[in-house]
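1. would you be able to build a 3D model of this:
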Amino acid sequence: MPEFLRLVPPTQALARWVSAIPEREPDREEVPAREALGRVLAEDIVAAHPLPTFARSTVDGYAVRAVDTFGASPSSPSYLRLVGEVPMGALAEVRVGPGEAAVVHTGGAIPDGADAVVMLEDTQRVPGGEIEVLKAMGVGRNIIALGEDVRQGEVVIERGRRLRPQEIGGLMALGRVRVSVYRRPKVAILSTGDEVVPPESEPGPGQVRDVNSHTLAALVTRAGADPAPYGIVPDDVERLYRATREAQGSADLIVITAGSSASARDNTAEVVRRLGAPGVLVHGLSIKPGKPAILGVADGTPVVGLPGNPVSALVVAGLLVVPVLRGLSGERRPEITATVTARLTVNVPSEAGREDYVAVRLEGSPQGWMADPVFGKSNLIFTLVRADGLIRVPPDSTGLEAGSVVDVVPFD
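-> From the prediction side, this is the model:
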């Protein structure tokens with residue numbers, strides 16, 4: 001007899017699932033920093049030296065003593081004697097004394113005695129090796145001080161941070177060409193169904209190409225994990241159990257897709273129970289699409305059974321699998337979700353008591369972004385291909401009216 005679903009809100013389901021997954025630090029590996037984009041740092045990066053390592057100019061101009069420019073203006077300039085030029089790529093050999101100035105270029109070192117830089121545009125050359133300063137300077141003006149960016153001994157990048165382009169640049173600035181990162185989680189993906197055939201095959205009557213294992217593998221890769229495809233398993237509980245048991249030996253997370261609806265859903269639930277305790281934790285979400293999803297943990301390995309419909313599978317995986325992968329990756333920072341504010345072009349109906357996720361296409365207008373719903377059944381993958389993101393209809397609502405301001409979560 002098919003199991004009756006006890007629907008759980010997605011946020012509650014995620015919390016229940018995460019709380020049952022054992023906390024353990026992932027294995028580490030050392031990689032070249034140039035290749036570490038998107039990896040999660042497994043060590044604190046401590047600055048071995050200050051940055052910058054010398055005081056330098058932020059503009060082209062003249063290094064001066066600020067006191068010598070006091071009251072300077074176009075109608076009453078200060079006159080300073082040029083005493084030299086600071087070469088790029090070397091420390092200054094010239095010293096700036098009272099009433100003196102030295103030519104300095106953007107990024108160039110500040111000579112001893114100088115405590116400000118006046119921009120070239122605020123000066124004029126005059127005969128006799130002097131310059132007119134047309135603007136008063138404060139101490140430190142147009143100068144980056146030694147250690148202003150980073151102090152020696154400072155923890156500049158914390159363990160658990162997923163490395164972005166700016167972190168890669170910071171590592172290069174400190175001379176860190178190799179870093180310790182956490183190993184990427186391995187995600188086993190099993191596609192099930194007697195009707196499912198590989199994408200390279202020509203489907204026969206009643207057959208469909210395997211879409212889910214490939215879209216989910218792409219999602220897993222983008223989330224910073226390594227997908228491990230285990231092929232297509234027929235709708236047979238024993239064969240599914242054997243394939244899942246094999247995956248359990250090496251995977252950090254197991255995804256079973258197309259096995260969580262009707263009789264196939266019962267196969268997935270039975271397999272999760274047989275794999276180990278505590279077994280099935282959630283069997284059904286108060287969400288559309290994605291209602292028949294299954295969440296479980298088997299002897300420490302998280303397992304998820306996703307609906308066979310491609311839209312449902314991707315929506316649920318984005319909401320629940322991706323956050324779990326962040327934790328399995330060793331990432332410590334809370335997730336920051338970027339949204340685009342837009343106005344709905346048409347009414348979006350819903351049912352109270354469940355969360356609805358609706359695909360929308362973003363269109364520009366003189367009034368700003370407009371969100372145009374892309375309606376379609378959850379087994380139509382091109383519903384998402386035509387869309388730019390998702391909007392959420394809260395469970396206490398019966399829909400959203402045209403013209404409503406909504407937050408669109410982009411797919412990219």
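
2. pLDDT of stretch 337-344, averaged?
-> Mean pLDDT, stretch 337-344: 94.

3. what residues does it touch?
-> With CB atoms under 8 Å, 6 or more residues apart in numbering as the test, stretch 337-344 has contacts from 360, 362, 367-371, 373, 389, 391, 400-410. Yep, even glycine has a C-beta here, placed from its N, CA and C like the rest.

4. how's the protein carved up into domains?
-> Domain assignment for the chain by automatic domain parsing gives 10-27+184-328, 28-51+159-182, 56-144, 340-410.

5. winner for burial among those domains?
-> domain 10-27+184-328 (a mean of 20; mean count of other CB atoms under 10 Å).

6. nearest residue to residue 355 in space, please, no chain neighbours.
-> For residue 355, ignoring the flanking residues on the chain, the nearest one in space by CB to CB, 6 or more residues apart in numbering is residue 287 at 4.8 Å.

7. do residue 283 as well
-> With CB to CB, 6+ apart, the residue lying closest to residue 283 is residue 294, at 5.4 Å.

8. from residue 351, how far off is the one you found?
-> 22 Å (CB to CB, to the nearest Å).

9. just residue 55 next, same as before
-> Remark: distance between residue 55 and residue 351 (CB to CB) = 65 Å.

10. residue 382 now?
-> With CB to CB as the criterion, residue 382 and residue 351 are 25 Å apart.

11. over to residue 254?
-> With CB to CB as the criterion, residue 254 and residue 351 are 31 Å apart.

12. now do the strands in the stretch 201-350 of the chain.
-> Assigned by DSSP state E, counting those that start in this stretch, the stretch 201-350 of the chain shows strands spanning 208-209, 226-233, 253-257, 278-283, 287-288, 294-298, 301-306, 340-344, 348-349.

13. just list what the fifth one packs against, helices and strands only.
-> With contacts taken as 3 or more CB pairs under 8 Å, 6 or more residues apart in numbering; DSSP states H and E, strand 287-288 sits against strand 355-365.

14. run the chain-centre distance for the helix or strand just after the strand it packs on.
-> Using DSSP states H and E, the helix or strand that follows strand 355-365 in sequence is strand 368-373. Centroid displacement of strand 368-373 relative to its chain, using CA atoms, centre = their mean, to the nearest Å, is 24 Å.

15. off-centre distance for the next helix or strand after strand 368-373?
-> Later in the chain than strand 368-373, the nearest helix or strand by DSSP H and E is helix 382-385. Put simply, helix 382-385 sits 23 Å off its chain's centre (CA atoms, centre = their mean).

16. dump the C-alpha coordinates for helix 382-385 into PDB.
-> Output of helix 382-385 as PDB, limited to C-alpha atoms (Å, rounded to 0.1, in the frame of the first residue of the first chain):
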ATOM      1  CA  PHE A 382      12.100  23.800 -20.900                       C
ATOM      2  CA  THR A 383       9.900  25.600 -18.500                       C
ATOM      3  CA  LEU A 384      13.100  26.400 -16.600                       C
ATOM      4  CA  VAL A 385      15.200  26.800 -19.700                       C
END
